[in-house]
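model this:
(chains A and B)
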2 protein chains.
Amino acid sequence: MAKVAQRYIEIDPWKLREVGFHEKQAVVSESLFSLSNEYMGVRGFFDEGYPKETLIGTYFNGIYEIPKDIRRSHYKGISDKLHYMVNAANIFYTRLYLGNELYVFDPKKISHYERTLDFKTGESVRSYQYENLFSISFKRLLNMTNYALAHQVITIKPLDYHGPVTLQIGLDFNTKHWGNPGFWEVSDHKDYAILGHTTTHQSVFEMFQIHVNVPVVSKHTYDQKCQTEIMIFDLNQEVIIHKDIVSFIDKAGETSFDSYLNQAQELLKSASYKETLNQNQLFYQTYFDHNDIKIEGDLANQQGIRYCLFQLVNTYQGVSEKNNIGAKGLTGEAYSGHAFWDSETYCLPVYLFSNPKAAKNLLMFRYNTLEQARKRAKELDCKGACYPIATLNGDEACDLWQHASLQFQPTSAVAYAIWHYIKNTKDVDFLLDFGFEMLVEIARFFSSRGQYNQDQTKFGYYGVMGPDEFQMMVNHNAYTNLLGKESMSYMIEVFNKYQEDRRVKHVIEKLGLHIEEIEVMKDQCEKMYIPYDEHTKIYEQHEGFHDLPHIDIHSIPVTDFPLYSHWSYDRIYRNDMIKQPDVLMFMFLYNSHFDLETKKVNYDYYEPKTIHESSLSPSIHSIFAAELGYTKQALDFFGFATRMDIDDYNRNTKEGLHLTSIAAAWVNIVYGFGGLRSDGEMLKLSPMCPNNWSSYEFTIHYMDSNIRVHVTKDELTLNVDQKVKEAILIYDKVYHLEKGITKIHVMEH
Amino acid sequence: MAKVAQRYIEIDPWKLREVGFHEKQAVVSESLFSLSNEYMGVRGFFDEGYPKETLIGTYFNGIYEIPKDIRRSHYKGISDKLHYMVNAANIFYTRLYLGNELYVFDPKKISHYERTLDFKTGESVRSYQYENLFSISFKRLLNMTNYALAHQVITIKPLDYHGPVTLQIGLDFNTKHWGNPGFWEVSDHKDYAILGHTTTHQSVFEMFQIHVNVPVVSKHTYDQKCQTEIMIFDLNQEVIIHKDIVSFIDKAGETSFDSYLNQAQELLKSASYKETLNQNQLFYQTYFDHNDIKIEGDLANQQGIRYCLFQLVNTYQGVSEKNNIGAKGLTGEAYSGHAFWDSETYCLPVYLFSNPKAAKNLLMFRYNTLEQARKRAKELDCKGACYPIATLNGDEACDLWQHASLQFQPTSAVAYAIWHYIKNTKDVDFLLDFGFEMLVEIARFFSSRGQYNQDQTKFGYYGVMGPDEFQMMVNHNAYTNLLGKESMSYMIEVFNKYQEDRRVKHVIEKLGLHIEEIEVMKDQCEKMYIPYDEHTKIYEQHEGFHDLPHIDIHSIPVTDFPLYSHWSYDRIYRNDMIKQPDVLMFMFLYNSHFDLETKKVNYDYYEPKTIHESSLSPSIHSIFAAELGYTKQALDFFGFATRMDIDDYNRNTKEGLHLTSIAAAWVNIVYGFGGLRSDGEMLKLSPMCPNNWSSYEFTIHYMDSNIRVHVTKDELTLNVDQKVKEAILIYDKVYHLEKGITKIHVMEH
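Numbering: from 1, shown residues only, chains lettered A, B, ... in the order given. Below you'll find the predicted structure:
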């Protein structure tokens, strides 16, 4: 990986800290200092305005727009249901006037600039001094439990400036999206409150209140979708302005202005910065008590992984089964706020072993959008349900047909996630109430989309793109074939086991599932072709991959990356070069199916061909490297995963944080160095401690127990809060963990 | 082919004749009765307006627009130079008022409707009676030699109507394009004249004059881009209105209104319907004297092939090397007026053996756009020149990247066409002045786009779409590989033979062509992989084609056609189903390379998999069927080719005529039943006469001689106007044809 850190954030185990203003990283900082609480997200843009490049972004989970210039294809199956998360109001809108002159932030005139983000409170503080005139600070908070609440505190302290100051603060619905303004229509407003609508008729209501510590002359203004309070005062002492903001959304857009207003007024009565700070402190304390990952002897990765934990819980904690996890969370408009198969593949394991209710809600999102997935399958001339590549509302929102029509990992990921969730929670009710119906429709999709070869000896998927998006339209992609097979056979397994259950019976009847269909699927599973060479133990990524033109990826100039921006589009798709794990991906998902030797030869074959252009790639490779004893490589990949955004490795953090890669960082350490395996008959742990670290620890929530895992070079300490209901394999030995501490000698693996 | 004729045009050897108004075919007739003269084209829309679906289309060769809503891709190599031929002014704008009431054509109120199009004059006449009130006729002509001139004659004859009539006739720039109005800006106008500009700053100037046989009260109007003369008269005798129209274009848009005006006034002085009719008569007489195809005993095909000849010369006769042949000619806006590889592959042979100057001009179009092809190759990260899939001006105008970036038959077609042209004209000057430079750049493209497989034993093209557009992104497509090889090796052959010629030396120096490059190409040619089974003699269309899932194409319901409109887009691309010839296409182009047995097994293998969704497909198959003795199939395919538009086989003639398929109909009879082969060492003729015909004849223009070929069941008669400079193989026997008649006994082949 020719990826180089751009480090400018101070190393600190519990904070982000930017000391001195880093102008070149101004927009990167906006992303890094983003706050969110699953419900909404606010980028760390400058309250007072910033005269150069800036992305003033505030986003609500599931509030979207439909492209106006949508070019409807006359080809069937090319989705015309595109939609994207839209930038909402600037709730921290602030303008400062010294005398009559608008104050403009000027990097050359400021000093003592510092910005911090505290992982223990979610408080972001930015302060600096302007010439010798005054110092100013801006604090922000989003409430982590009372999601509609946000706060801003502005403190201005006079130095040599003693004169009139005008401060205008409020709400601005003129935010731009991808540089374009004018998405919002304001249908009603009053002093302190605005009700905005998207063109999709969803609504966002915003209201604020202000407290100032000194007397001010004050008036309201409303102009051009911008509602503000203008305050005039003499700056002869420290002035502190508290602003509390309420944001309500209605995805159906039916709530009236007055109803919003009443609720908001009620909420604001008891709202204060201090109160939210206290609530957040409690929230994060509880969170870290249960979920902290400690790394002793590696402060950079310690900061990195804590930042990941912090942003993870901010982005998603399973508050609502209508929410999902965008590739960029709520921190930018790149990837349009869409959720991908990352949710099931990279994020779900994190929640499964820390917050199973959130894991379940991620699956409920798919259950609640099953109807759209059915329609999508029909558009593709298939049966059952096909889940979208990219979505906010369940419809396919990917505007590249070659991805939307050829990639089926989102669909198999749902089946896998159900299987994975059930295996590790034993939540049979979920399986029978919701899971089975999804499984039937997914199996039907994989049954109808597949085809037999000429002599009917091989079944599989033709014209597909596997997880490795550098092979666009291939036949018998091993990943797609294997996951198709597993999806169908798991459905058949559930059918066989529970067909007498009344809920399963109901689904069978409702969907008209016949035994003949199951017989067809069985034959398809039996003949499912997985290209594999018994001699070398190498799986061929797809039929023909081995003989593709070879590229030595190290011969590609660094300036050619990212390839999507520098290579002719078609050129990317005709070499033995890989963007992200494909064969290794199914070996990760079904780790227990493969022996170490097979993993080794496939890793040794595929990793040198992989350029990791997906931010999700390094983590999976790190996990294999750890298992195979390639510890240095494992650590290198891990460092990239934990600090990808902080060190801006991909040079695109300014567009937003790589939220699902942040989830993958958790997966990386827990499955990698921690050696967790959750796909076998029993949960498995095989931790090892890299040489550079003195120790590390993490928590696995499993079957209602919290297992705190502490690992040194020699000793593994498990601290369990209550007897673990299921046996666990530790270094391949069966353990029945009781409440309390168990110590085990660390073994090589 | 599940294609059914919708016959409503009377059978007539020299005319189209619609007797009675066929409302359901109204828009089909608009296409069929189109007139054009290479310079401009006018659809057969109703002068007086038509109240239901209509496409009022007037087009100029090379006058285009650029899409306003172009969505620039951020991927390199996806063309952003899209453009399309735009609909221009309605030059036959006519409105009739009876008293104060606008006359509206009403199928229920008219009788004696008849419309004819005369292939001997290009005159189109449409007449009918309106209730018992009056009869009316509209005549049209485009001048075939004085291209700027068009004429309209309106004759109104009173029956029971005796009262005031208002006739408004003029020019209207409000025409719609794909239903959208407002493309034209009028920059200047005067009585009788308008100067319109496209947004690409090209200009079209229109002017008209009127002569009426009775006194009328007359006034000019100009309103909303529409310039008319309003004439009021009492309809108490036959009134005949002559309107002469001049259309000038300037692709650079620099000509001033006054300059246009002067030229137009000059031209109009001597312009008249009668004069143009005389000129056209002479023009078509000369044309048919040299080019007529006669079929005795098959009136339907006789009419079909004459209509093809008529529309062919109308569309292109090589007037300008800036013109090309759009897939729909100048008869509709489908395919956006773009020229495809059809020009070199299907049209060039027609001109090569009838009008070599036109063939040369088609090649000059490619020479004149070589610079754009060089830029396109760079966009694709390749060297040399890559010719566009679709273009009006030389830039790539295809908005489907999967075609524009993966199909290279346009590029190899240029090399093939140069080779084919040189072989049959011995025009070495063209080769050295223009051809070689194109060949070098084309060879460089094919050298740089190709790749070796892993062990460097196979060279070829990965990620391509061959002529068969139902296999989208494949490796080692036999056609692409073979044509790439032939393109390179022909360049090397010319280089070896002429490297001492000063023009070739100049090109070598100018392009920096090194011997090392040639050595590389030689190795590539040597290792070029053409998938072929020596045992079965079957060429595999691409690596892996033989094992693709099988579809019995006869099992596809007729209602599923065209598949592009009824199948999910991706579903089309993953079966052993073929849209149009691919292996058979290179066997057509290099016929002499393959023995009869090889042609037979490949035809027998591929034809049953072919659905002929391309209108160009049947002709090629007909040629093979004729050669293989499948005479019934040959005739069936031929009937489809000659009458595709007249009988609206594809149900889309209303969008415009299939001009390049019309060219393919000529190729069909001459190469098919006539057995012409022009790719071998000697020109070859092996005519046979299908049982259903008593005889047929056609002319081959070859090496400055016209060889009139007359074929009966038993006897072949060749009438040569001057000694043929080169020997010809007839039924595999060498002939040195002298001036006069040669008779030969017809032989089976």
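
Can you give me the neighbour number for the closest residue to residue A:75 other than its chain neighbours?
Nearest residue to residue A:75 in three dimensions, chain neighbours excluded: residue B:569, at 4.1 Å (Cβ to Cβ, 6 or more residues apart in numbering or on different chains). The C-beta positions use only the backbone N, C-alpha and C, and glycine is treated the same way. Residue B:569 has 22 neighbouring residues, counting by other Cβ atoms under 10 Å in any protein chain shown.

Could you do residue A:288 as well?
When neighbours are counted by other Cβ under 10 Å, residue A:288 comes out with 19.

for residue A:217, same thing?
Taking other Cβ under 10 Å as the criterion, the count of residues near residue A:217 is 10.

Show me the beta-bridge partners of it.
According to DSSP bridges, residue A:232 are recorded as the beta-bridge partners of residue A:217.

which residues touch it?
A:231, A:232, A:233 (Cβ atoms under 8 Å, 6 or more residues apart in numbering or on different chains).

separation between the first one and chain B?
With distances taken as Cβ to the nearest Cβ, to the nearest Å, residue A:231 is found 44 Å from chain B.

Setting the sequence-adjacent residues aside, check what's closest to that residue.
Sequence neighbours aside, residue A:216 is the residue nearest to residue A:231 in space, at 4.1 Å (criterion: Cβ to Cβ, 6+ apart).

Which pLDDT value goes with that neighbour?
Per-residue pLDDT puts residue A:216 at 94.

Next, give phi and psi for it.
Listed backbone geometry of residue A:216 is phi -140, psi 150, with angles given as degrees, to the nearest 10.

wait, doesn't it sit right on residue A:233?
Yes. Between residue A:216 and residue A:233 a contact is recorded at 4.3 Å, counting by Cβ atoms under 8 Å.

just to revisit the earlier point, tell me, how many neighbours does the residue nearest to residue A:231 end up with?
One way to gauge burial is a neighbour count; for residue A:216, by other Cβ under 10 Å, it gives 18.

check contacts around it.
The contact partners of residue A:216, by Cβ under 8 Å, 6+ apart, come to A:231, A:232, A:233.

quick one: the longest strand belonging to chain A to chain centroid distance?
In chain A, ranked by residue count with DSSP state E as the criterion, the top strand is strand A:239-250. Strand A:239-250 sits 26 Å away from the centroid of its parent chain (Cα atoms, centre = their mean, to the nearest Å).

Sheet partners, orientation included, of that strand?
Here, using DSSP bridges, strand A:239-250 pairs with strand A:149-158 (antiparallel), strand A:203-212 (antiparallel).

would you list those in CSV and tack on distance to residue B:278 and mean neighbour count?
Formatted as CSV, the entries for the strands paired with strand A:239-250 read as follows, by distance: least, Cβ to Cβ, whole Å; neighbours: other Cβ atoms under 10 Å in any protein chain shown:
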stretch, distance to residue B:278, mean neighbour count
strand A:149-158, 85, 21
strand A:203-212, 74, 22
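
Including mean pLDDT, could those strands go into TSV?
As requested, the strands paired with strand A:239-250 are arranged in TSV below (pLDDT from 0 to 100):
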stretch	mean pLDDT
strand A:149-158	98
strand A:203-212	97
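
got the ones you listed as TSV, with distance to residue A:637 columns?
As requested, the strands paired with strand A:239-250 are arranged in TSV below (distance: least, Cβ to Cβ, whole Å):
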stretch	distance to residue A:637
strand A:149-158	36
strand A:203-212	40
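
From residue B:56, how far out is the residue of the stretch 101-250 of chain A found nearest chain B?
Among residues of the stretch 101-250 of chain A, the one nearest chain B by Cβ to the nearest Cβ turns out to be residue A:178. It sits 11.8 Å away. Using Cβ to Cβ, to the nearest Å, one obtains 39 Å as the distance from residue A:178 to residue B:56.

do residue A:88 as well
According to Cβ to Cβ, residue A:88 stands 47 Å off from residue B:56.

These two: who's more crowded?
With neighbours defined as other Cβ under 10 Å, residue A:88 and residue B:56 compare such that residue A:88 has more, 27 against 21.

Point out where chain A drops to low pLDDT.
Along chain A, segments meeting pLDDT under 70 span A:1-2, A:69-72, A:748-749.

80 - rerun?
By pLDDT under 80, the weakly predicted segments of chain A are A:1-3, A:68-74, A:748-749.

how is it carved up into domains?
The record assigns chain A these domain ranges, following automatic domain parsing: A:33-67+A:83-286, A:392-541+A:563-595.

In TSV, list these along with distance to residue B:655.
Listed next are the domains of chain A as TSV, based on distance: least, Cβ to Cβ, whole Å:
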stretch	distance to residue B:655
domain A:33-67+A:83-286	28
domain A:392-541+A:563-595	24
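
most neighbours per residue, which of these?
Each of the domains of chain A was assessed for mean neighbour count using mean count of other Cβ atoms under 10 Å in any protein chain shown. The highest is domain A:392-541+A:563-595, with a mean of 20.
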